[in-house]
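Colleague: Build me a model from this:
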Amino acid sequence: MITDKIILLALEEDLGLGDITSDNIFTPADGARAVVRAKEDLVLCGMDVARQVFEIVDPAVTFTPLKKDGDEIKKGEEVLTLSGPALSILKGERTALNFMQRLSGIASASRAYARVGEKYGVMIVDTRKTQPGMRRLDKYAVRVGGARNHRMTLADSVMIKDNHIAAAGSITKAVQKIKAAIGHTPKIEVEAETPAQVQEALAAGADIIMLDNMTPAQAAECKKIVNGKALIEISGGVTLDNLEAYCKAGPDVISSGALTHSVPSKDLSLKIVEYTKN
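Modeller: Residues are numbered from 1 along each chain as shown. A predicted model of the protein is given here:
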């Protein structure tokens with residue numbers, strides 16, 4: 001299972017040869033009960049990954065969820081409790097929190113973006129700008145937040161971008177090459193940077209036209225050119241601050257790498273609230 005591989009890598013990165021501090025303070029027989037709390041408002045994500053962390057560290061740790069992925073959590077709320085060997089809880093602490101904090105950050109941002117999109121009937125989607133090795137989890141967090149996924153891999157759909165256009169010689173030639181190679185069933189998306197490219201992509205038979213790094217005003221003008229003959233996606237430079245302006249331009253889809261590539265993690269903490277010395 002891919003999640004297990006990521007967790008094992010993260011645990012190896014953190015534990016290495018052991019925990020020199022905890023190993024010399026606690027005995028394997030010492031027990032503890034711990035609580036994980038939110039230190040700020042957030043949309044919770046990563047509970048199952050955190051559970052898997054502790055299952056791998058020590059199946060004797062009891063993981064009790066108090067909330068679920070997608071819940072909106074207020075600062076100070078408890079989201080889960082742990083009980084079992086103190087050493088095992090502490091050894092899994094940072095790895096579990098790292099996953100939960102990043103995924104909750106993505107889910108929280110996605111929720112904020114999706115709510116703006118819903119007001120205008122615009123679908124908000126992510127990009128492939130994900131943490132290396134974390135794409136499935138990053139994109140899961142996007143869905144938990146209420147936004148949608150764009151391509152998971154390069155094989156998922158056709159997207160003709162600037163380098164493809166340059167290599168083929170033009171948008172028209174790139175679309176022709178793709179259609180000749182893959183047949184009529186897959187949709188073809190073409191990236192356009194100017195109104196002229198929008199017109200060429202439309203004439204070539206593109207199903208989706210991505211308006212790349214345009215202003216909201218430029219996007220609105222291109223929408224008039226397309227006139228419902230293809231789906232319109234806006235991408236490039238979209239942030240929460242300018243999202244509403246882009247939505248008002250009338251696209252079908254807005255994609256933003258900011259959902260995953262630069263989103264701040266949310267703050268959660270683990271505190272041991274009870275020790276049992278043996």
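
Colleague: Okay, strands next: where are they in this structure?
Modeller: With strands called from DSSP state E, the chain shows them at 31-38, 42-43, 62-65, 72-73, 78-85, 123-125, 158-160, 188-192, 208-212, 231-235, 253-255, 268-276.

Colleague: Need the distance between the two termini of stretch 28-43.
Modeller: Stretch 28-43 stretches 35 Å from its first residue to its last (C-alpha to C-alpha, to the nearest Å).

Colleague: average pLDDT for it?
Modeller: Mean pLDDT, stretch 28-43: 97.

Colleague: And stretch 61-75, by the same measure?
Modeller: On average, stretch 61-75 scores 98.

Colleague: Reformat the strands of the chain as JSON lines; add mean neighbour count and distance to residue 136.
Modeller: Placement of C-beta: from N, CA and C, glycine included. Shown next, in JSON lines, are those (neighbours: other C-beta atoms under 10 Å; distance: least, C-beta to C-beta, whole Å):
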{"stretch": "strand 31-38", "mean neighbour count": "19", "distance to residue 136": "23"}
{"stretch": "strand 42-43", "mean neighbour count": "24", "distance to residue 136": "18"}
{"stretch": "strand 62-65", "mean neighbour count": "15", "distance to residue 136": "21"}
{"stretch": "strand 72-73", "mean neighbour count": "17", "distance to residue 136": "23"}
{"stretch": "strand 78-85", "mean neighbour count": "19", "distance to residue 136": "22"}
{"stretch": "strand 123-125", "mean neighbour count": "21", "distance to residue 136": "16"}
{"stretch": "strand 158-160", "mean neighbour count": "20", "distance to residue 136": "20"}
{"stretch": "strand 188-192", "mean neighbour count": "24", "distance to residue 136": "22"}
{"stretch": "strand 208-212", "mean neighbour count": "24", "distance to residue 136": "24"}
{"stretch": "strand 231-235", "mean neighbour count": "23", "distance to residue 136": "22"}
{"stretch": "strand 253-255", "mean neighbour count": "23", "distance to residue 136": "18"}
{"stretch": "strand 268-276", "mean neighbour count": "14", "distance to residue 136": "21"}
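
Colleague: of those, which approaches residue 23 most closely?
Modeller: The minimum distance between residue 23 and these falls on strand 78-85, with 12.0 Å, by C-beta to C-beta.

Colleague: Mean confidence (pLDDT) on the closest one, please.
Modeller: In this model, strand 78-85 has an average pLDDT of 98.

Colleague: who does that strand touch, helix- and strand-wise?
Modeller: strand 31-38, helix 47-57, strand 62-65 (3 or more C-beta pairs under 8 Å, 6 or more residues apart in numbering; DSSP states H and E).

Colleague: Adding distance to residue 167, write the strands of the chain out as TSV.
Modeller: Listed next are the strands of the chain as TSV, based on distance: least, C-beta to C-beta, whole Å:
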stretch	distance to residue 167
strand 31-38	48
strand 42-43	41
strand 62-65	50
strand 72-73	46
strand 78-85	49
strand 123-125	26
strand 158-160	10
strand 188-192	13
strand 208-212	17
strand 231-235	20
strand 253-255	23
strand 268-276	46
